[in-house]
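Student: sequence plus the predicted model coming up.
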Amino acid sequence: MEGKQKKNRLWLGILLGTIIGFLALMANGSTRKKVIKTVKETKDASLELATYVKENRELIYSQVKATSEQLSDTAKKLKDDIATISTSANQIKESSKDLVVTTKDALDQVKISTSTIPKKSIEK
């Protein structure tokens, strides 16, 4: 129970501090006017936004839907591109392995060929 009481006291302290800070701000006349002006502007902007959304609901919905479809298409294309790159990378990896094997075989053949040539022929 002590933990809960400490939390309650903390929230009570925060609330009281907020109230005291707000009252201190409101005591200054110019600050009070600025706060009231800002609150009114915010209220007006909020009402204007709500009215716009209410009047243009279908337009907003269609724009959100179109954007969502574009994002979905882009994601699908990206997925396909990644798959293509992955396939190409695997093919390059396999080709590189084949090249290494072929090069080693060719080197071994050259070594065998040169070892079967008599030394006198090489010295001439």
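Tutor: Sure, I can see it.
Student: so which helix or strand takes in the residue positioned nearest the centre of the chain?
Tutor: By Cα atoms, centre = their mean, the chain has its centre lying nearest to residue 75, at 13.0 Å. Following DSSP states H and E, the helix or strand that holds residue 75 is helix 57-116.
Student: any low-confidence regions in this structure?
Tutor: For the chain, the stretches with pLDDT under 70 are 1, 114-124.
Student: same thing but at 50, please
Tutor: Scanning the chain for pLDDT under 50 picks out no residues.
Student: centre of the chain to the host helix or strand of residue 43, how far?
Tutor: Assessed by DSSP H and E, residue 43 sits inside helix 29-55. Taking Cα atoms, centre = their mean, to the nearest Å, one finds helix 29-55 lying 34 Å from the centre of the chain it belongs to.
Student: what angle do that helix and helix 57-116 make?
Tutor: Inter-element angle recorded for helix 29-55 and helix 57-116: 80 degrees (by axes from the mean of the first three to the mean of the last three Cα atoms, to 10 degrees).
Student: got the buried residues for helix 29-55?
Tutor: Across helix 29-55, burial judged by 16 or more other Cβ atoms under 10 Å covers no residue at all. For every residue, glycine as well, the C-beta is placed using N, CA and C.
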